[in-house]
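>>> next one to model:
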Amino acid sequence: MSHFFGCININTIENPSEIGQKMKTAVSFFKADAQSEYTDNQVYMCNMVLHNTIESQCVAGLTENERFVLAASCRLDNREALFQKLNLTGNVFGKNAISDQELILICFEKYGEACVQYLIGDFSFVIWDKVHHRTFMAKDQMGIRALFYLKNKNFLLFSTSVSVIKAAFDAPLKINDLYVAYNLKQISPPVELTFFEDILRLKPAHFIFFERNESVLVEKKYWELKTKSLTGFKSDESRLNELRRLFEIAVSCRIRTTKNVGCQLSGGLDSSVITVKASQIIDKERLHTFSFVLNEKTKAFSKNGIDEQETQNLIIDFASLKKENHHVIEEHRFKDVFEELEHTNLIMGGYADSDSIWQDTMFQKAKEQGVGVCLSGFPGDECVSNSGQYYHFSFLHDFNLKKVLGFIKDFKLRALKRIFMYYVFKAKGTLKPGNDKTLEGRVFLAPKSKFDFAVKNKAFTFYPTFEEYLFTYVCRPHTCLRTESEGAYALSHGIESAYPLADIRLLEFVVSLPVEMFKPKPMSRMLFRNMCLGLLPEKVRLQNKNNGALTLAFAEFWKEKQLEEFKEMEFKHLVLKPKQAHDMLDLGQKGSLIKTYQMDWLLEKN
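This is a model prediction of the structure:
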C-alpha cells in the first residue's frame, strides 16, 4: 500500500515539478519505506511505498521502463494466474520475484486498457506514456484503494489523497454544496463526489484514459458483479466446500506480508472466522487481535452495558491464540473533538461520507505491535454473511408457485406478511415504507434549499430479486467510501487495511448460489453460519446477532463528550435552529447532530 500523486501539464507555463513539490508537503504525516520521482516539462509523478511483502523489497517507488512510468498502490491476489497469462518465468513469490507494480506494467504493455480485466486484488494506479503523452488511471473492482483527480484547463492532478490535491493550490478550493446537501440529508452521495467541487473520485471498477495533446478525458466501466454458472456444484455441501475454499484463499492472499498481521476482532461472526482462519495459516506469534471494549467510565453510556468480550475470549481460546497478543481499546486517543477533527482534515482532506476516524486508535495500537496488514470483517453483512431476509424476492419475481408455497410452509403467517410487503415495496419503489417521513425528519438541510429536490434517497431502493439486491447492496458507495477512509487512517500508521469478504472471487460465487441457501431459518445469516461449521465454536457460530452489544463499545460515551464540547459552538453555515437541535436530541439522534456540527466545523476550516 502506498501514496502516489502527480501533475500533468496541459496548458500552463508553470513547471509541473513545482506543483508536485507543493503536493508533496501534504504527505509529511506518511513515513514511506522508499520513494522516487519522475519529472520532465510535461509531467511530475511521485510514489511513496511501503515494503510490506518480500516481492516489494526492491520497489524504489515508481516503476519505469523506456516508454512508461507507473505509480501504484496495489496488492495483486492472482499472481500465479498473471505469470501464466503473461508467459513469465521465475519465482512467483519471494526474494527476487517480480513485484506487483511490475506485473501491472507488463500487463498494461501487453493488453493496454484491457489489462484491468486480468487484475484481481486491491489497486489504484496511474501510467504515463512518455511517447504518446497519454495517461491511464484505474481503480480496483470494489474501490478499496483510493484515487482522486482534478482537471482544469491548465493541468490534471491525481493523488491517493484529497489533502495532496488541495496542497497544489494557494487559495481554498470551492466546497461542493451538493455533496454537503447529501450529507445533511444523511444520504450517501454519488460515489464520484467529494467535499470539493473540482476534486472527483475515480469510481470503483472504472478506468480513465487522458489524451494530453487533445485534453480529452474518457472514463469507462470495466467490471460489474454478476452471477456465474455453478453447474459443477451439484449439492449444497459441494457449494459450501467451495465457499470455504474461496474464503481461505481470500484470507491467505491478504496476509502476505513480512510484518505482523492484525485482526479486528469484534466478536461477531465475520471478524471471528477471519481471525480463526488467519491463525491456521500464519505463525500465531505474528498474529495480533484488536477489540473495542467497555470500561467502568464508558459502560454507563452504553444502553445495555455489554460488549462482546466473552465471545472474543472464546475465539482466543478456540484458536489457541496468544493472550498477550490480544489488545483492547477502551477510548479514543484524541483529547477532544477538535483535535479529532484536525486529524480528520489532515488525513481525509475535508469531510468524507462514512469517515472512519474511530478506527484510527486501533491502527495506532497495531503499529506499536509491528503490524503491516490489518484484516477487517467488513463488508460481510452486505453479501457473504447477509441476513437473507429478502431471499424470497426471487420466488415472487419469477412467479415460482412451488417455492412460494414452500416459503409459506416454512414461515407461515410471517411469510404472508412478507409477501404482502413485497408488493408494497414494489409499488412504492422502496424497501422502507414511510421513507418520505424519514427524510422530512432530517432537518439539517433547509426544506426549500435548491439542493433539497436534487438530493434523492437511494438507500432503500426496491430491487425485484434477491440477486439484484445483493449486487447493489455490496457495491453501493458505502463500501468504497468506508474502505477508502479506513485505508487512509491505516496508511497514516504504515498499515495496509484488507477485506477478505470483499474478494471479488468470493462475491461472484456467493451471488450465484441458489437463494434458498440464504433462507433465514432457523436463524438469519444461515449461509455464512453453515460455511463456518467447524471453523468456529458452536456458541459463537450460532450466537444471536442482535445481542445488544456495541461493536464500537465506547460510541455513546464519545457522543456525549462531543456534544458537551460542541455546545459553545454556533452554526455559521448550516440552516439549523436551536429548537430543531433540541428536537433531534429528543428523538435520540445524537449522531446526526454531531455529524452536522462536524460538517459545519470543516466548512469553516476549509
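
>>> what about the closest residue to V510 other than its chain neighbours, which SS state?
The spatially closest residue to V510, leaving aside those adjacent along the chain, is V384, at 5.2 Å (CB to CB, 6 or more residues apart in numbering). All C-beta atoms are positioned from the backbone trio N, CA, C, and that covers glycine. Look at V384: counting by DSSP: H, G, I helix; E, B strand; the rest coil, its state is coil.

>>> residues near V384, how many?
Applying other CB atoms under 10 Å, we find 28 residues neighbouring V384.

>>> looking at it, it is touching F528, isn't it?
Yes - the pair V384 / F528 is scored as a contact, 6.2 Å apart, by CB atoms under 8 Å.

>>> what is in contact with these two at once?
Common neighbours of V384 and F528, using CB atoms under 8 Å, 6 or more residues apart in numbering, are D270.

>>> all helices of the stretch 101-250 of the chain, in order?
For the stretch 101-250 of the chain, the helices defined by DSSP state H, counting those that start in this stretch cover 162-166, 177-184, 236-252.

>>> figure out which of those is closest to T227.
With CB to CB as the criterion, T227 lies closest to helix 236-252 of the helices of the stretch 101-250 of the chain, at 13.3 Å.

>>> and that closest one, what's its mean pLDDT?
Mean pLDDT, helix 236-252: 98.

>>> return the set of buried residues in it.
R239, L240, L243, R244, L246, F247, I249, A250, V251, S252 (16 or more other CB atoms under 10 Å).

>>> just the residues you listed now: which is nearest Q84?
Once CB to CB is applied, the member of the buried residues of helix 236-252 that ends up nearest Q84 is I249, at 16.5 Å.

>>> I'd say that closest one and D503 touch.
Yes - with contacts counted by CB under 8 Å, I249 reaches D503, the gap being 7.5 Å.

>>> joint contacts of these two?
With CB under 8 Å, 6+ apart, I249 and D503 have common neighbours D77.

>>> what pLDDT does A459 get?
56.

>>> ok, M45 next?
pLDDT, M45: 97.

>>> report the beta-bridge partners for the residue lying closest to it once chain neighbours are set aside.
Leaving aside its chain neighbours, M45 sits nearest to G6 (3.9 Å; criterion: CB to CB, 6+ apart). With DSSP bridges as the criterion, G6 is bridged to M45, F158.

>>> ok, F207 next?
A138, K220.

>>> so how far is K590 from it?
Computed as CB to CB, to the nearest Å, the F207 to K590 distance reads 41 Å.

>>> what about this structure, any weak spots by pLDDT?
Scanning the chain for pLDDT under 70 picks out 13, 433-459, 545-553, 573-589.

>>> which residue, other than its chain neighbours, is closest to the residue nearest in space to the middle of the chain?
Among the residues of the chain, the one closest to the centroid is T483, at 1.8 Å (CA atoms, centre = their mean). Using CB to CB, 6+ apart and skipping residues adjacent in sequence, the residue nearest T483 is I144, 4.8 Å away.

>>> hang on, that neighbour packs against E484?
Yes - between I144 and E484 there is a contact at 7.3 Å, judged by CB under 8 Å.

>>> quick one on the thing from earlier: and the residue nearest to the centre of the chain, what does it touch?
M142, G143, I144, F378, P379, S497, Y499, A502.

>>> mind checking how far G61 is from A34?
5 Å.

>>> swap in F209?
Where A34 is concerned, F209 sits at a distance of 29 Å (CB to CB).

>>> repeat that for M142.
Using CB to CB, which is the criterion applied here, M142 is 27 Å from A34.

>>> tell me who's in contact with R79.
V92, F93, D100, L103.

>>> let's go with 7 Å and repeat that
Listed by CB atoms under 7 Å, 6 or more residues apart in numbering, the contact partners of R79 are V92, F93, L103.

>>> then A352?
So A352 contacts L481, S485 (CB under 7 Å, 6+ apart).

>>> and it, how far from K277?
For A352 relative to K277 (CB to CB), the value is 30 Å.

>>> chain center to the helix or strand T483 falls within, what's the gap?
Using DSSP states H and E, T483 falls within helix 477-491. Offset of helix 477-491 from its chain centre (CA atoms, centre = their mean, to the nearest Å): 4 Å.

>>> list the strands paired with the helix or strand following it, with their directions.
Under the assignment DSSP H and E, the closest C-terminal helix or strand after helix 477-491 is strand 496-498. The strands that strand 496-498 pairs with in its sheet are strand 371-375 (parallel) (by DSSP bridges).

>>> tell me the angle the partner strand makes with helix 477-491.
Strand 371-375 runs at 160 degrees relative to helix 477-491, counting by axes from the mean of the first three to the mean of the last three CA atoms, to 10 degrees.

>>> now tell me what touches strand 371-375 from outside.
52, 254-255, 257-264, 274, 278, 288, 363, 366, 490, 495-498, 500.

>>> show me those residues that map onto helices.
I274, A278, F363, A366, A490 (DSSP state H).

>>> in CSV, list those residues along with neighbour count and distance to A81.
Below are these laid out as CSV (neighbours: other CB atoms under 10 Å; distance: CB to CB, whole Å):
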residue, neighbour count, distance to A81
I274, 27, 24
A278, 25, 23
F363, 24, 31
A366, 27, 31
A490, 26, 27
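
>>> between those residues, which is nearest A138?
Nearest to A138 among those, with distances taken as CB to CB, is A490, at 21.6 Å.

>>> quick one: the nearest residue to the closest one once chain neighbours are set aside from V328, how far?
Distances taken as CB to CB, 6+ apart place S497 nearest to A490, at 4.2 Å, with adjacent residues excluded. Separation of S497 from V328 (CB to CB): 20 Å.

>>> quick one, which of these two is more surrounded?
Using other CB under 10 Å, the more surrounded residue of S497 and V328 is S497, with 29 against 17.

>>> for that one, what are its contacts?
C374, S376, T483, E486, G487, A490.

>>> can you pick out the most distant pair from those residues?
C374 and T483, at 12.0 Å, using CB to CB across those.

>>> most neighbours of all the contacts of T483, which one?
Within the contacts of T483, neighbour counts (other CB under 10 Å) peak at S497, which reaches 29 neighbours.

>>> ok, now which ones touch D236?
M517.

>>> next up, the contacts around the spatially closest residue to T227 that is not a sequence neighbour.
Using CB to CB, 6+ apart and skipping residues adjacent in sequence, the residue nearest T227 is S512, 4.2 Å away. With contact taken as CB under 7 Å, 6+ apart, S512 is in contact with T227, K228, L230.

>>> 8 Å - rerun?
Per CB under 8 Å, 6+ apart, neighbours of S512: T227, K228, S229, L230.

>>> which SS class is it?
coil.

>>> in this protein, which helix is the longest?
helix 401-428.

>>> could you check how far it is from the centre of its chain?
Distance, stretch centre to chain centre, for helix 401-428: 34 Å (CA atoms, centre = their mean).

>>> buried set for it?
K403, V404, G406, F407, I408, F411, A415, R418, I419, Y422, F425.

>>> any idea how far the residue nearest to M45 lies from N213?
Per CB to CB, G6 is found 18 Å from N213.

>>> which of the two has more neighbours?
Between G6 and N213, G6 has the larger neighbour count (other CB under 10 Å), namely 29 against 10.

>>> that one and S56, how far apart?
20 Å.

>>> for Q35, same thing?
Plainly put, Q35 is 13 Å away from S56 if you go by CB to CB.

>>> then D503?
D503 is 20 Å from S56, by CB to CB.

>>> put together JSON lines for the buried residues of helix 401-428, with distance to S124 on each row.
Shown next, in JSON lines, are those (distance: CB to CB, whole Å):
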{"residue": "K403", "distance to S124": "42"}
{"residue": "V404", "distance to S124": "45"}
{"residue": "G406", "distance to S124": "45"}
{"residue": "F407", "distance to S124": "43"}
{"residue": "I408", "distance to S124": "48"}
{"residue": "F411", "distance to S124": "44"}
{"residue": "A415", "distance to S124": "45"}
{"residue": "R418", "distance to S124": "41"}
{"residue": "I419", "distance to S124": "44"}
{"residue": "Y422", "distance to S124": "39"}
{"residue": "F425", "distance to S124": "36"}
